[in-house]
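Peer 1: no sequence for this one, just the structure:
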């Protein structure tokens, strides 16, 4: 939640020139994004967000992520439109770092979206799935079910000390997922991280979908399962909010109805989604990287959600 | 350079209601200000900066500081106009913290202002001095020459270990200041901290003067002496840039000519100004407060400047 790269006057001028912008009117660091530096940049004609990618690992995949937001923006989705440099590139190198410039999106993210906002988010997710149907680039989901056993092996012993009894439960989850994870659900580009802080609103309408940096090809219904976890639990993750679940699912289905296989798979997909966030949060909690600038989030929030999913029988339990 | 207070949805709505604003379109934390949290807030009609005062000490003096920016804004200076609450107050209390809402100013601060920009800043300072001539509120400068001996006593021994020989030099500075500091120069409201990062530009024109939180009543020429230190040395503070000095002084004098007493006092005023920043930086360096969120700045930059001022004979040495 800060700016990690300070730009010199020459850097700013280099950026302005590379993207062919007019005179800069405003240039302010914004306290947003957990891993990158972001600046609000305004010229006489337009407003932008400048992102400097601090974690070098994802840079090779930027063409996939930025290409997806560009594709979505061109299909009338409220995503940031990446600006091309005068040489036609989506990114620019500056002092060994990679940066991108995107159009500024209006709106802001409520901490606790209301029911109408949850419904709008469901609609937006389904529209995103349809809009990217013909997006030609592909990326496998490296945080999908095949990765979970390995992620768990590394932290299982310590996790059990952190939260007594969790090892037995997660072992069981992984076993069931390995046996019963669906094979042939409708799939395509998924956002894979559409938490409330990645959706902007003006009133109850979605004005922005941001942060595509976990985007990958996977089951559409798994993307919805991630949102059931991220949007529809009461604070601290203990209790499912059926009203919000209903709003999310009905919003989604108003654009893209789920088929019977997707519906019946939902409890296991939601369990997998909760497990995915439990695993990465637990890893960050137990083994924070030295150079990491990520705020640690409590993994226990997700162990409570896992308990709910283990008991769920059908989409009906989620308000469907 | 971050946001220290996270606001809930209810907090944001409370603020919107208290200031009688329309629907909020954008609300983003900005990475600016070293001691306070700042948000960019935009409604359909206007743009604002919301400041949450994290350091409680200065809250009692906010009516003086905010009153000064308001007075200046109403006298056509490019300062942020504080918005009054519906009850007419300049500040609002929220969960034990004090906050203020001001109009958003266009422009940005170059790291190294060019000569034209330095001249514009000199003009702006003189206009500020004249505009606040009848500002009725007064505040004594608690970081002025009377405070320096006490500030030095606390750190002198450690400072000498940090920078060998500095004790003898500063003792001498303080002695000369006590003996020769001018008594009757033209005075009034001074900004007292007009560094480049407190001035915004669109092109070479000043579009904003910000951060009035050191404002006090003192000699006008001392305010200019602070700027000679902050704007007119080459990087690392070793060498005075005569071109910039000339630009600053001529800009200032194009609006408010200096009298003979002010001119002849300038070397000592500039020495005092350098000492004031040397002392606070050295204190922050040697004794960082536990709760401090201030970025430490190198005090040595100012000991180099002090050396220049000790040798200066007249305003001529500054480009006057």
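Peer 2: Structure received. Here the structure is a predicted model, which is why all the values come from computation and not from measurement. Numbers count the residues shown, from 1 in each chain, chains lettered A, B, ... in the order given.
Peer 1: list the contacts of residue A:223.
Peer 2: Residue A:223 is in contact with A:125, A:129, A:190-192, A:194, counting by Cβ atoms under 8 Å, 6 or more residues apart in numbering or on different chains. Glycine gets a C-beta too; all of them are placed from N, C-alpha and C.
Peer 1: quick check: closest non-adjacent residue to the residue positioned nearest the centre of chain A.
Peer 2: The centre of chain A sits closest to residue A:193, judged by Cα atoms, centre = their mean, with a distance of 2.0 Å. With Cβ to Cβ, 6 or more residues apart in numbering or on different chains as the criterion, residue A:193 has its nearest non-adjacent residue at 4.1 Å, and that residue is residue A:214.
Peer 1: phi, psi of that neighbour?
Peer 2: phi -110, psi 0 (degrees, to the nearest 10).
Peer 1: where does pLDDT dip in chain A?
Peer 2: Applying pLDDT under 70 to chain A flags residues A:1-3, A:33-34, A:56-57, A:288-295.
Peer 1: domain ranges for it?
Peer 2: Annotated domains of chain A cover A:9-103, A:115-318 [automatic domain parsing].
Peer 1: what are the phi and psi values for whatever residue of the stretch 51-200 of chain A ends up closest to chain B?
Peer 2: Nearest residue of the stretch 51-200 of chain A to chain B: residue A:108, at 4.1 Å (Cβ to the nearest Cβ). Here is the backbone geometry of residue A:108 (degrees, to the nearest 10): phi -150, psi 160.
Peer 1: do the same with residue A:96
Peer 2: phi 80, psi 0.
Peer 1: how close does it sit to residue B:287?
Peer 2: For residue A:96, the distance to residue B:287 equals 36 Å [Cβ to Cβ, to the nearest Å].
Peer 1: kindly report the same for residue A:95.
Peer 2: 34 Å.
Peer 1: over to residue A:168?
Peer 2: Plainly put, residue A:168 is 52 Å away from residue B:287 if you go by Cβ to Cβ.
Peer 1: now residue A:209
Peer 2: Per Cβ to Cβ, residue A:209 is found 48 Å from residue B:287.
Peer 1: those two - which one has more neighbours?
Peer 2: Neighbours per residue, other Cβ atoms under 10 Å in any protein chain shown: of residue A:209 and residue B:287, the larger number sits with residue A:209, 24 against 11.
Peer 1: what's the closest non-adjacent residue to that one?
Peer 2: residue A:79 (5.1 Å).
Peer 1: what are the ranges of the strands in chain A?
Peer 2: Counting by DSSP state E, chain A has strands at residues A:24-30, A:36-43, A:47-53, A:92-94, A:97-103, A:187-190, A:199-202, A:205-209, A:216-219.
Peer 1: so what strands line up beside the shortest one?
Peer 2: Taking DSSP bridges as the criterion, strand A:92-94 forms sheet pairs with strand A:97-103 (antiparallel).
Peer 1: could you give the number of residues near residue A:46?
Peer 2: Using other Cβ under 10 Å, residue A:46 has 12 other residues around it.
Peer 1: hey, what's the spatially closest residue to it that is not a sequence neighbour bridged with?
Peer 2: For residue A:46, ignoring the flanking residues on the chain, the nearest one in space by Cβ to Cβ, 6+ apart is residue A:103 at 7.1 Å. Beta bridges link residue A:103 to residue A:48, judged by DSSP bridges.
Peer 1: contacts only, for the residue of the stretch 151-300 of chain A with the smallest separation from chain B.
Peer 2: Nearest residue of the stretch 151-300 of chain A to chain B: residue A:202, at 5.9 Å (Cβ to the nearest Cβ). Residues in contact with residue A:202, defined by Cβ under 8 Å, 6+ apart, are A:106-107, B:23, B:25.
Peer 1: residues touching the closest residue to it other than its chain neighbours, list them.
Peer 2: Nearest residue to residue A:202 in three dimensions, chain neighbours excluded: residue A:107, at 4.7 Å (Cβ to Cβ, 6+ apart). Shown in contact with residue A:107 (Cβ under 8 Å, 6+ apart): A:200-202, A:206-208, B:25-26.
Peer 1: farthest-separated two in these?
Peer 2: The two members of the contacts of residue A:107 with the most space between them (Cβ to Cβ) are A:206 and B:26, at 14.5 Å.
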